[in-house]
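*Asks:* 3D model of this:
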Amino acid sequence: MKRVFSGVKPTGHLTLGNYLGALRQWAEVDQHRADSLFCVVDLHALTVDHDPARVRRLSRQAATLLLASGLDPDLCTVFVQSHVDEHARLSYLLECVATDGEMRRMIQYKEKAARERERGGSVRLSLLTYPVLMAADILAYGTHEVPVGDDQAQHVELARDLAGRFNQRYGHTFVVPKATLPAVAARVMNLQEPASKMGKSDDFGPGIVYLLDEPEVVRRKMMRAVTDSGREVVYDRAGRPGVANLLEILAACTGGDPAAMSAGYGSYGALKKDAAEAVVAVLEPLQARHRELCADPGYVERVLRDGAEKARGMARPVVDRAYRAIGLLPPLTEAAADAQSGITAEAVTASAAEAALNAAR
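*Replies:* Alright, predicted model coming up:
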């Protein structure tokens, strides 16, 4: 059976883009067709200045929303990245295979580092190297497929490159994964800035629909979405990005085709209204399930604990194999250490006895 891995970073409240571009596909498709692991990648949230309490709070919220979106721990593995040490163990080995040039070519590094410098802040080394940790997240589990948005496809390509390079240098160790993209709404755009992704880390709230927004808040944001010049509703991603974004959201929520649906609208207002109601309808059951899970925090904790234990069992043999392949001594088991200690003691005793015998002669 194929193995699927993907994760979500707790750097902000999860958005409609996270749901339509990732979470829904994980719940409706991936957990049923493959041996799937879904992870709150909290170590990635440390690459920029952060509030520790907020990271913990958002990590728990993200895990709860993963379950609320329909992930079933009986069908897939849900866990928190920092609860499985193999991610960090493997990351260093892959850093010894990656190059500085590869890291500096990463588009997200260039964009985020530029923003940090504009704010007068320093750029953390982890921001440069976190794509290697992401590769470790993927490769530790023998992953075949990584369902991601198109903005993360470059990072999966890096994981492929590092896996192939490691295999070539040190012997076959890793499965070489591939990225899979959803057909529609792979990248939901900001309602106020349709040239930019609807990112959970953004500060510009009016253009972002969060998964826990109240229905009236959702409607208000959708009705205020930026459209384009002209009045005709046409699906044209390059020429009319605002309208295209609304059509893609509506299509993703209702299962339609954005280009075909455009023919049914004579005004932007009607399109916005239908898109708003479609989003409210999609989020309603998710929010209801989220409320239920929040009322039973012990359940979420059990899922994460059991998920981490299961994930460790899958990752440890792969990472141990990588340690041996690259040239590191395997750790001795307790029994082997005792046996080795006994052999050494016998050798010392024998050596001392032989020395004494020679002296007596």
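*Asks:* is it true that residue 179 touches residue 151?
*Replies:* No - taking contacts as CB atoms under 8 Å, residue 179 lies outside contact range of residue 151: 11.0 Å. Every residue, glycine included, has its C-beta placed from N, CA and C.
*Asks:* so which of these two has more stuff around it?
*Replies:* Set residue 179 next to residue 151 and count neighbours by other CB atoms under 10 Å: residue 179 wins out with 20 against 15.
*Asks:* secondary structure of that one: a helix, I assume?
*Replies:* No - according to DSSP: H, G, I helix; E, B strand; the rest coil, residue 179 belongs to no helix; its state is strand.
*Asks:* name whatever forms a beta bridge with it.
*Replies:* Beta-bridge partners for residue 179, by DSSP bridges, are residue 146.
*Asks:* ok, which stretches of the chain are strands?
*Replies:* 3-8, 35-40, 76-80, 145-147, 178-180 (DSSP state E).
*Asks:* could you dump those to JSON lines with mean pLDDT and distance to residue 90?
*Replies:* Converted to JSON lines, the strands of the chain look like this (pLDDT from 0 to 100; distance: least, CB to CB, whole Å):
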{"stretch": "strand 3-8", "mean pLDDT": "96", "distance to residue 90": "13"}
{"stretch": "strand 35-40", "mean pLDDT": "98", "distance to residue 90": "14"}
{"stretch": "strand 76-80", "mean pLDDT": "98", "distance to residue 90": "16"}
{"stretch": "strand 145-147", "mean pLDDT": "94", "distance to residue 90": "15"}
{"stretch": "strand 178-180", "mean pLDDT": "92", "distance to residue 90": "19"}
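*Asks:* ok, and which of those strands has the densest surroundings?
*Replies:* Of all those, strand 35-40 has the most neighbours on average by mean count of other CB atoms under 10 Å, namely a mean of 26.
*Asks:* show me the contact partners of that one.
*Replies:* 1-10, 26, 30-31, 59, 62-63, 66, 71, 75-81, 137, 141, 143, 311, 314 (CB atoms under 8 Å, 6 or more residues apart in numbering).
*Asks:* wait, what's in contact with residue 280?
*Replies:* Counted by CB under 8 Å, 6+ apart, residue 280 has contacts 215, 218-219.
*Asks:* tell me if I'm right that residue 107 and residue 152 touch.
*Replies:* No - contact between residue 107 and residue 152 fails when scored by CB under 8 Å: they sit 10.1 Å apart.
*Asks:* out of those two, which sits in the busier spot?
*Replies:* Higher neighbour count among residue 107 and residue 152: residue 152, with 21 against 10, using other CB under 10 Å.
*Asks:* ok, now how distant is the residue nearest to that one when sequence neighbours are not counted from residue 195?
*Replies:* Among residues not flanking residue 152 along the chain, residue 179 sits closest, at 7.5 Å (CB to CB, 6 or more residues apart in numbering). Going from residue 179 to residue 195 by CB to CB, to the nearest Å gives 23 Å.
*Asks:* quick check: residue 304 touching residue 81?
*Replies:* No - Residue 304 is beyond contact range of residue 81, at 10.9 Å (criterion: CB under 8 Å).
*Asks:* what sits against the residue nearest to residue 152?
*Replies:* 145-148, 152-153, 156-157.
*Asks:* now for those residues, which pair is the farthest apart?
*Replies:* Farthest pair in the contacts of residue 179 (CB to CB) is 147 and 157. Separation: 14.8 Å.
*Asks:* ok, residue 58 touching residue 11?
*Replies:* Yes - counting by CB under 8 Å, residue 58 touches residue 11, with 7.2 Å between them.
*Asks:* tell me which of these two has more neighbours.
*Replies:* Regarding residue 58 and residue 11, a neighbour count based on other CB under 10 Å identifies residue 58 as having more, with 23 against 20.
*Asks:* and the more buried one, what's its pLDDT?
*Replies:* Model confidence at residue 58, given as pLDDT, is 97.
*Asks:* ok, now residue 255?
*Replies:* For residue 255, the predicted pLDDT is 89.
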